[in-house]
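**Q** All I have is the shape, not the residue letters:
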């Protein structure tokens, strides 16, 4: 059994979607980041950077428990564990790792800043933050739009990969990013294709808060 320590955020949804798509048994242990539960010693023991999500897998390597923090690391671990959504062949795996790192390094931190500044009081600081990070967020959506031209999935053919799950977790909040998908037909088609998958649908419906 896997215990998913998380909250209802894009990074949390990445992992709930992956767990559902991979058919792994898991339970959710909520970590209310609004109440600072991420700073509790028992959570810091498995996630020393005090960020959700984190998992504890009772049946890790050699049958021994293992904890994993950072959503990208969790997705790679789960892909390795199950042999699903992470190609074995190195040449096929490289694009998955590239696009997973693209999400972790940009398509997450930048829209996250948009979220932050949109919640600030009206004034120059808010205007500056929304303009700066909004521009970069729209650029990243544009990169994704070009990548998906003629493709069903971001990094693989035939089925999604862990990179799709990672990116979808943030594209799920595209309205909060002030990015209408009507302007991004390839992204919109991919988004609808992913959201129509039963496993992905369950991953977004499971209660994380």
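**A** Alright, I've got the coordinates. Given the structure is predicted, the values throughout are model-derived calculations rather than measurements. Residues are numbered from 1 along each chain as shown.

**Q** Please make it C-alpha for all contacts and neighbour counts, starting now.
**A** Noted.

**Q** Quick check: the gap between the nearest residue to residue 148 once chain neighbours are set aside and residue 139.
**A** For residue 148, ignoring the flanking residues on the chain, the nearest one in space by C-alpha to C-alpha, 6 or more residues apart in numbering is residue 186 at 5.7 Å. The gap separating residue 186 from residue 139 is 15 Å, by C-alpha to C-alpha, to the nearest Å.

**Q** what about those two, which has more around it?
**A** residue 186 (20 against 13; other C-alpha atoms under 10 Å).

**Q** quick one, phi psi at that one?
**A** In terms of degrees, to the nearest 10, the main-chain angles of residue 186 are phi -70, psi -40.

**Q** which residues of the chain fall in helices?
**A** Ranges of helices within the chain are 10-22, 41-44, 71-82, 90-105, 109-118, 124-147, 162-171, 185-195, 198-205, based on DSSP state H.

**Q** export these to a markdown table and tack on distance to residue 2 and mean pLDDT?
**A** As requested, those are exported to a markdown table (distance: least, C-alpha to C-alpha, whole Å; pLDDT from 0 to 100):
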| stretch | distance to residue 2 | mean pLDDT |
| --- | --- | --- |
| helix 10-22 | 9 | 98 |
| helix 41-44 | 15 | 98 |
| helix 71-82 | 10 | 98 |
| helix 90-105 | 22 | 98 |
| helix 109-118 | 27 | 96 |
| helix 124-147 | 32 | 97 |
| helix 162-171 | 18 | 98 |
| helix 185-195 | 24 | 98 |
| helix 198-205 | 15 | 98 |
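
**Q** Turn these into a markdown table, columns for distance to residue 34.
**A** Putting the helices of the chain into a markdown table (distance: least, C-alpha to C-alpha, whole Å) gives the following:
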| stretch | distance to residue 34 |
| --- | --- |
| helix 10-22 | 14 |
| helix 41-44 | 15 |
| helix 71-82 | 19 |
| helix 90-105 | 22 |
| helix 109-118 | 14 |
| helix 124-147 | 22 |
| helix 162-171 | 19 |
| helix 185-195 | 27 |
| helix 198-205 | 20 |
